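J.: Here's my sequence, what's the structure:
(chains A and B)
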Amino acid sequence: MNDREIAETRKLLQRALATQRRAELRRDLWPAMLQRLDQQPVRVPWWDWALLAGAIALFCVFPGTIPALLYHL
Amino acid sequence: MDLLARFAAGDLDAFESLFRQYQQEVFRWIMRIVRNTATAEDLTVEAFWRAHRAHARFDAAKGNFAGWLRRIATNVAIDHLRRSRTEVALPEDLPAIAPLPLEDQMEMRSQIHSAIGKLSPNVRSAVLLALVEEEPYEEIASALGISVNAVKVRVFRGVRILRKELSRLGAHV
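T.: Take a look at the predicted model:
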């Protein structure tokens, strides 16, 4: 492959695909952005998941801790 | 506190100002990669949403918001190409191919779109930005987060695949 082949391919692509340099937005996207922000799900921090996983592991290894925990709750 | 520092601190008004200032630019950049207006609009919102989520990671002292945002927008566009790899149609690209009869023009476009569909999202974005949009290699490299040489390698690989695919489809290249 040489520069001539790259130039030929460039020419071919430009003949078939229009440049999007001057593409214009049809509308203001801020309302859509606000909607997206409102949809933002409540995110559980990773350490909460880690704590839950640790607690489950503890209960599996030492099931006797379950009544002790319930007693203290 | 300036606008970028306020954005980095999570100020929604600052985010809105930056959104209004950069939405057109981000939209155009994404259009260059996905080449569909409705999709580019959705992805523009997605890019700003990711930027908003990552506001705390933005270094306001460096101040290159446009570059940071362009990189996010590029990732969003490439993620979209990955999700929709089977889609080949690029319906909004219809410049005149003057010397060819209409039927041949349509066939040529169809072959080119089909060949482009064979490129991986990373290679496709580099090829479209470098060869169709004629963006400088430095800008493409910055947006893709890779070196200029890596961009050249992707373009080179893309051209090789395109030529092979077009030959297979019977197009004269």
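J.: Ranking helices and strands of chain B by mean pLDDT, which lands last?
T.: Within chain B, confidence by mean pLDDT, DSSP states H and E is lowest for helix B:102-117 among all helices and strands, at a mean of 82.
J.: so B:Ala61, which of the three states?
T.: Secondary structure for B:Ala61, judged by DSSP: H, G, I helix; E, B strand; the rest coil, is coil.
J.: quick revisit: what helices and strands are in contact with the least confident helix or strand of chain B?
T.: Contacting helix B:102-117 under the criterion 3 or more Cβ pairs under 8 Å, 6 or more residues apart in numbering or on different chains; DSSP states H and E are the following elements: helix A:3-16, helix B:148-168. Placement of C-beta: from N, CA and C, glycine included.
J.: Go through these and pick out the most buried.
T.: Here the criterion is mean neighbour count by mean count of other Cβ atoms under 10 Å in any protein chain shown, and of those the winner is helix B:148-168, at a mean of 18.
J.: weakest of the helices and strands packed on helix B:102-117 by average pLDDT?
T.: Within these, confidence is poorest for helix A:3-16, with a mean of 89 (mean pLDDT).
J.: where do the helices sit along the chain?
T.: As the question left the chain open, I've gone with chain A. Along chain A, the segments classed as helices by DSSP state H run A:3-16, A:30-38, A:46-61, A:65-72.
J.: ah, I was thinking of chain B
T.: B:3-8, B:12-34, B:37-53, B:65-83, B:102-117, B:121-127, B:137-144, B:148-168.
J.: quick revisit: of the helices and strands packed on helix B:102-117, give the one that comes closest to B:Asp13.
T.: helix B:148-168 (37.0 Å; Cβ to Cβ).
J.: what separates the closest one from the chain centre, distance-wise?
T.: Distance of helix B:148-168 from its chain centroid, counting by Cα atoms, centre = their mean, to the nearest Å, is 17 Å.
J.: Quick one: work out the angle between it and helix A:3-16.
T.: Counting by axes from the mean of the first three to the mean of the last three Cα atoms, to 10 degrees, helix B:148-168 points 70 degrees away from the direction of helix A:3-16.
J.: Can you give the contact residues for helix B:148-168?
T.: By Cβ atoms under 8 Å, 6 or more residues apart in numbering or on different chains, the residues outside helix B:148-168 that reach it are A:1, A:5-6, A:9, A:12-13, B:111-112, B:114-116, B:118-119, B:122-124, B:126-127, B:130-131, B:137-138, B:140-141, B:144, B:146, B:173.
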